[in-house]
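Colleague: Pasting the sequence and the predicted coordinates here, then a few questions.
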Amino acid sequence: MSDSLHSGLARMRERLLDAEELVRAVASGRRRSASPPWRRVELRYVDLRSGRHLQVTSYDDTQAFTRNVPVGEPAAGAVDDLLAEPFGTWHIETTEALTSMRVTKKGHAQLRTEPRDPAAAVSSRGHDREKPRLLPADDAFVRAVGISDERGKVKPSMQAKYRQIEEFLRLLSDSMAAAQAAGRIGERGRPLRVVDLGCGNAYLTFAAFRYLTRVHELPVVMTGIDLKGQALQRNTALAVDLGCSDELQFHKGSIAAAQVEQPVDVVLALHACDTATDDALARAVGWGSPLVLAAPCCHHYVQAQLRRAPTPQPFGPVMRHGILRERLGDVLTDAMRAALLRQRGYRVDVVEFVASRHTPRNTMLRALHTGCTGDQDLLRDYAALESMWQVRPRLAELLAAAG
């Protein structure tokens, strides 16, 4: 449902200030012409010794900042301040409904509301509680893939992987909310179809399946594709052990040749190396997938071209150093990939996957298909980028070949 932005924000305000019904709210993303000061903000009510407060947790690129605001005028002021920020999406969970709002390019509010079973919306208002996890460490899936031990404790060697899973699920949750608010996914009468291209040992594949089915309570059919036969055997055996082999299946093969049931709603390509990321993005475009999450790994294809191409001035001092040339190749590759997806009707954000102190491969392309194409400025800017650097990413070649 489309509405004026003022009216949409007023509806969000009413739900956010309901201290009895609100379970959790998340603001994320940005609008077309502006960016909020925070990457993400979460809200919920907590009961302290001094009474009920609105807890606001704001995330920048590296850490979280939490403050507790008393219910009443202080909470209303905090909510009004957040609603005034140019967040692109709001996702509000109450005991009775799930409500999402997305701000369109024209500045309108697109709202989507789904009723929910109040029994499924148990909200803990305790302040001194364990840090909430999107997928608890003692979950059967987390233990099965080897993140946690038999007692449900994260293994010391898997702490970084567990943090990666948590951050990925937060991005997936926000992206799902935006896609649902835009009406791009959630067709009634069939399960959500998800494909993980280059799934490897499938840590994130299993996590995504568990999260979408357990937390979002969605019917999901998921497919993992990888070239390694060993990964196929391991992942299939785990799916059987976990009792989800009918809904979560794995196949051996290349990304370019992957055959999956249509339509594909969500495409994942997490740390697919070099041009495997381009293959995955091209398949997503070819399938018309509404939502794509791709975390690139290695960018050798464009870096090799940079070494051969003449250096545009005044970038000689940059290109003289191998490490700087390599980083520039990474940036150019992902910027050009994002531009190509925008030309094909996707709204694209390039976000931090996990903090750089945990892994240098921490960039994710998050693309939501809106169908808006035909911007000649996009074409001109992209052509100028190719011409200036004398490079062309594999994705451009694949899309051109597909027509």
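Modeller: Here it is on my side, so go on. Residues are numbered from 1 along each chain as shown.
Colleague: before we move on, what SS does the residue nearest in space to the middle of the chain have?
Modeller: Nearest residue to the geometric centre of the chain (CA atoms, centre = their mean): Leu171, 3.4 Å. Here Leu171 is recorded as helix under DSSP: H, G, I helix; E, B strand; the rest coil.
Colleague: That one: what's it in contact with?
Modeller: Contacts for Leu171 (CB atoms under 8 Å, 6 or more residues apart in numbering) come out as 293, 351, 353, 364, 366. Placement of C-beta: from N, CA and C, glycine included.
Colleague: Lowest-confidence member of those, which is it?
Modeller: In terms of pLDDT, Phe353 ranks lowest among the contacts of Leu171, with 73.
Colleague: mind listing what that one touches?
Modeller: 164, 167-168, 171, 295, 359, 361-364.
Colleague: Quickly name whichever of those residues is closest to Asp60.
Modeller: Closest approach between the contacts of Phe353 and Asp60, by CB to CB: Glu167, at 13.5 Å.
Colleague: residues contacting Glu352?
Modeller: If a contact means CB under 8 Å, 6+ apart, then Glu352 has 39, 61, 362-364 as its contacts.
Colleague: Apply 6 Å and report the result again.
Modeller: Residues near Glu352 by CB atoms under 6 Å, 6 or more residues apart in numbering: 61, 362.
Colleague: Quick check: phi and psi on it?
Modeller: Backbone dihedrals for Glu352, given as degrees, to the nearest 10, come out at phi -80, psi 130.
Colleague: Domain map for this structure?
Modeller: Listed domain ranges for the chain are 2-120, 140-402 (source: automatic domain parsing).
Colleague: if you go through the stretch 51-200 of the chain in chain order, where are the strands?
Modeller: In the stretch 51-200 of the chain, the strands defined using DSSP state E, counting those that start in this stretch lie at 51-59, 64-70, 89-94, 97-103, 109-115, 192-197.
Colleague: Tell me the first helix or strand C-terminal of the helix or strand bottoming out on mean pLDDT in the chain.
Modeller: Within the chain, no helix or strand scores below strand 2-3, which has a mean of 63 by mean pLDDT, DSSP states H and E. Toward the C-terminal end, the helix or strand that comes next after strand 2-3 (DSSP states H and E) is helix 5-16.
Colleague: Mind giving me the packing neighbours of the next helix or strand after that next one?
Modeller: Tracing the chain past helix 5-16, the next element assigned as helix or strand by DSSP H and E is strand 22-28. If you count contacts as 3 or more CB pairs under 6 Å, 6 or more residues apart in numbering; DSSP states H and E, strand 22-28 packs onto strand 40-48, strand 89-94.
Colleague: okay, those strands in a markdown table with distance to Arg307 and mean pLDDT next?
Modeller: Formatted as a markdown table, the helices and strands packed on strand 22-28 follow (distance: least, CB to CB, whole Å; pLDDT from 0 to 100):
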| stretch | distance to Arg307 | mean pLDDT |
| --- | --- | --- |
| strand 40-48 | 38 | 91 |
| strand 89-94 | 41 | 92 |
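Colleague: any idea how far Phe250 is from Arg234?
Modeller: As judged by CB to CB, to the nearest Å, Arg234 and Phe250 stand 9 Å apart.
Colleague: just Glu96 next, same as before
Modeller: For Glu96, the distance to Phe250 equals 38 Å [CB to CB].
Colleague: just Lys155 next, same as before
Modeller: Distance, Lys155 to Phe250, using CB to CB: 24 Å.
Colleague: Tell me which of these two has more neighbours.
Modeller: Neighbour tally, Lys155 and Phe250, criterion other CB atoms under 10 Å: the higher count belongs to Phe250, 23 against 13.
Colleague: Helix, strand, or coil at that one?
Modeller: Phe250 falls in the strand class when you classify it by three-state DSSP.
Colleague: Quick check: beta-bridge partners of it?
Modeller: On the basis of DSSP bridges, Phe250 is bridged to Gly224.
Colleague: Tell me, what's the model's pLDDT at it?
Modeller: Value listed for Phe250 in the pLDDT field: 96.
Colleague: OK, contacts around it?
Modeller: Counting by CB under 6 Å, 6+ apart, Phe250 touches 224, 232, 235-236.
Colleague: Of the domains of the chain, give the one that comes closest to Leu134.
Modeller: Leu134 lies closest to domain 140-402 among the domains of the chain, at 4.2 Å (CB to CB).
Colleague: Report the distance from the closest one to the chain centre.
Modeller: 9 Å (CA atoms, centre = their mean, to the nearest Å).
Colleague: end-to-end on it?
Modeller: 42 Å (CA to CA, to the nearest Å).
Colleague: With stretch 249-260 instead?
Modeller: End-to-end distance for stretch 249-260, by CA to CA: 11 Å.
Colleague: May I see the buried residues of that stretch?
Modeller: The neighbour-count check on stretch 249-260 (16 or more other CB atoms under 10 Å) flags 249-251, 255, 258, 260 as buried.
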